[in-house]
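>>> got a predicted structure plus its sequence, pasted below:
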Amino acid sequence: MLSPSSPITRIGRKAPPTTLRGSSANATPTSRSRCIRAGATSPRGAATAGRPAETLADPAERARARVELTVVSVLLDAGAGATWRYREAGTGAVLARSEGLAVASLEAYAAGAFSADPREPFRVDAERLAALGDDDLATLFQVTRDNPLAGLAGRRALLGRLGRVAQAEPAVFGAERARIGTLYDHLAGKARKGRLWADHVLETVLWVFAEIWPGRLTLGGANLGDVWRHDAVRADDASDRLVPFHKLSQWLTYSLIEPLEEAGVAVGGLDRLTGLAEYRNGGLLLDLGVVTPRDAGVLGASFPPDHPVIVEWRALTVALIDRLAPLVRARLGVGAESLPLVRLLEGGTWAAGRRLAAERRPGAAPPIRLASDGTVL
């Protein structure tokens with residue numbers, strides 16, 4: 001990991017804070033459905049959030065619908081930018097950032113925007129994803145010249161690649177009318193005695209979706225996705241200078257737990273995954289002074305995802321959340337089984353990071369800005 005003498009940031013000698021407002025042993029696990037529920041303010045939205053297909057009689061079909069809504073919503077959940085807003089249809093409530101993206105994806109799904117057949121709206125068909133254009137996505141997300149969404153073209157391209165990958169993987173998504181929701185059947189088929197391990201779910205997500213990510217770094221001919229270089233990370237093998245995050249893939253894995261478990265597939269080993277290398281968790285560490293830039297000019301500036309400032313900030317976020325977790329558990333008097341990392345992220349670091357950002361900066365902007373292409377964080 002990066003050391004306290006790393007070239008860009010300084011790690012404070014004080015321990016990370018153990019009192020996080022909103023942190024509780026009863027915190028719900030982090031997942032995309034939490035953002036949908038948090039953002040959906042209309043009676044219809046609140047009722048629909050996380051359960052877009054309750055009218056479907058078949059439990060397996062409901063699970064497929066929930067899984068594919070989760071996949072699409074997570075893949076669309078990269079930074080929206082500081083100015084984009086979404087007006088919820090039911091109430092006129094104006095939402096921004098992750099909550100706005102969550103409700104926009106929910107309303108698009110509920111309207112059948114991702115289905116190839118208007119008679120079956122609660123589907124995400126590969127054919128439809130592959131045919132989506134920038135204008136289609138702009139309409140769904142209320143994007144205009146005065147309401148720009150960061151990385152719109154990148155998001156649309158990501159969904160298009162997802163559609164093409166699904167069409168090329170009939171063993172996972174079906175040979176006829178490939179559907180994203182059949183990922184549920186693939187995962188459920190891997191369960192042993194009704195149980196999956198979280199790292200096996202992540203393994204499947206990384207394998208199945210490997211080719212949807214923009215071409216960045218490759219190793220042995222494989223697209224590495226959310227992996228970046230940093231000169232402070234050294235190894236004697238092919239991983240030299242490589243720092244893996246897989247934020248959206250891990251976010252998707254965490255988010256798939258709920259629909260899988262509601263369908264009767266238990267998921268264990270949640271602490272086999274890492275914290276999420278994103279700007280709410282990382283912003284908390286900066287705003288509380290646990291991590292400070294050696295150059296104060298970094299704060300408020302914007303950097304691309306491969307810049308050493310962003311890579312180092314994200315790496316420190318993952319490493320320090322691992323150190324924070326046992327401190328919070330000790331303060332609350334609980335063990336890792338009662339408060340796994342997936343719960344700490346939702347009720348602690350993410351919630352506290354969001355609240356601090358709202359208190360300190362207009363629009364709850366992060367302390368360091370990312371020049372997003374719509375596919376990272």
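Happy to help now that I have it. Everything quoted here is computed from the prediction, not taken from an experiment.

>>> OK, contacts around residue 237?
Counting by Cβ atoms under 8 Å, 6 or more residues apart in numbering, residue 237 touches no other residue. Yep, even glycine has a C-beta here, placed from its N, CA and C like the rest.

>>> so what pLDDT did it get?
pLDDT for residue 237: 95.

>>> that one is in what secondary structure piece?
Using DSSP states H and E, residue 237 maps to neither a helix nor a strand.

>>> buried ones in stretch 150-166?
150-152, 154-166 (16 or more other Cβ atoms under 10 Å).

>>> in the stretch 1-150 of the chain, where is pLDDT below threshold?
1-57 (pLDDT under 70).

>>> helices of the stretch 101-250 of the chain, start to end?
126-131, 134-140, 152-167, 170-173, 183-190, 198-208, 247-262 (DSSP state H, counting those that start in this stretch).

>>> check which residues of the first one are buried.
In other words, helix 126-131. Quick answer for helix 126-131 (16+ other Cβ under 10 Å): 126, 127, 128, 129, 130.

>>> who's in contact with it?
With contacts defined as Cβ under 8 Å, 6+ apart, helix 126-131 is touched by 114-116, 159-160, 162-164, 166-167, 173, 177-180.

>>> just the C-alphas of it, formatted as PDB.
Output of helix 126-131 as PDB, limited to C-alpha atoms (Å, rounded to 0.1, in the frame of the first residue of the first chain):
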ATOM      1  CA  ALA A 126     -29.400  -6.800 -24.700                       C
ATOM      2  CA  GLU A 127     -30.900  -5.800 -28.100                       C
ATOM      3  CA  ARG A 128     -32.400  -2.600 -26.700                       C
ATOM      4  CA  LEU A 129     -29.200  -1.600 -24.800                       C
ATOM      5  CA  ALA A 130     -27.100  -2.100 -27.900                       C
ATOM      6  CA  ALA A 131     -29.400   0.200 -29.800                       C
END
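
>>> what's the closest non-adjacent residue to residue 313?
If the residues on either side of it in the chain are set aside, residue 313 comes closest to residue 282, at 5.3 Å by Cβ to Cβ, 6 or more residues apart in numbering.

>>> residue 89 and residue 106 touch, don't they?
No: if you go by Cβ atoms under 8 Å, residue 89 and residue 106 don't touch, sitting 10.5 Å apart.

>>> hey, where'd the strands end up in the stretch 251-377 of the chain?
For the stretch 251-377 of the chain, the strands defined by DSSP state E, counting those that start in this stretch occupy 266-268, 291-293, 302-303, 369-370.
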